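Trainee: Need coordinates for the below:
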Amino acid sequence: MHEAEPVQQSLLHWIFVSLGPAYLVLLPLAAFLSFVVALMIVVRGKGAMAAAALVLVVHIPLLVGLFAAFQGAISAFTVIAMSSSAPKPAEIAAGFSTALVAPFISLLLMVPGYLTAVIGAVVRSLVESPSSATHANL
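Mentor: Alright, predicted model coming up:
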């Protein structure tokens, strides 16, 4: 018998399907929140706690991506565990595609917040008042 040909789809469509509706909303939302809060900390933050806050805030999209990875791996292994016969590879691949794509996309979405934090920290260190450096030498 002749097997059906696999359906060809674009990479972008595959990414959308792999992430699912929940992570299509959560990942960009987390990235936007991370960027906005990092920008606020760079502009208005003061002292050493601003740098510590940046380290915490920038990684929000990655945490959401890791959660999606764990959820995808659990769903793939659940398909294997619950199947009375050999599961279809496509059923397992759906879980693993979420497990692999979500952290990758979250790393890409983390870049704007990370660049904001790094560039902002460098600019703040260069612009910082020289009077504090003079008092440190006394």
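Trainee: C-alpha only now, for contacts and for neighbours.
Mentor: Fine.
Trainee: Let me know whether L66 touches P103 as I believe.
Mentor: Yes: contact criterion CA atoms under 8 Å: L66 and P103 qualify, at 5.7 Å.
Trainee: Compare neighbour counts for these two and give me the winner.
Mentor: In this view L66 and P103 are compared by other CA atoms under 10 Å, and P103 has more residues nearby, 22 against 17.
Trainee: With adjacent residues omitted, what lies nearest to that one?
Mentor: Once flanking residues are discounted, P103 sits nearest to G65: 4.3 Å by CA to CA, 6 or more residues apart in numbering.
Trainee: Quickly find the element holding A93.
Mentor: Assessed by DSSP states H and E, A93 sits inside helix 89-127.
Trainee: Just the buried positions in stretch 72-92, please.
Mentor: For stretch 72-92, a neighbour-count test (16 or more other CA atoms under 10 Å) marks G72, A73, S75, A76, V79, I80, I92 as buried.
Trainee: Check stretch 38-57 too.
Mentor: For stretch 38-57, the neighbour count (16+ other CA under 10 Å) marks A38, L39, I41, V42, G45, A50, A51, A53, L54, V57 as buried.
Trainee: Return the distance of it from the chain's centre.
Mentor: Chain-centre distance of stretch 38-57: 19 Å, with CA atoms, centre = their mean, to the nearest Å.
Trainee: So what's the residue count around P61?
Mentor: Neighbours of P61 (other CA under 10 Å): 30.
Trainee: ok, now how distant is it from F32?
Mentor: 9 Å (CA to CA, to the nearest Å).
Trainee: Now for this structure, the helix or strand with the poorest mean pLDDT.
Mentor: Of all the helices and strands that make up the chain, helix 130-137 has the lowest average by mean pLDDT, DSSP states H and E, namely a mean of 55.
Trainee: Among the buried residues of stretch 72-92, which pair sits farthest apart?
Mentor: Pairwise distances among those were taken by CA to CA; the largest, 12.7 Å, belongs to G72 and I80.
Trainee: Tell me who's in contact with the residue nearest the centre of the chain.
Mentor: Centroid-nearest residue in the chain: S106, 2.3 Å away (criterion: CA atoms, centre = their mean). Contacts for S106 were tallied using CA atoms under 8 Å, 6 or more residues apart in numbering; they are L27, A31, P61, L62, V64, G65.
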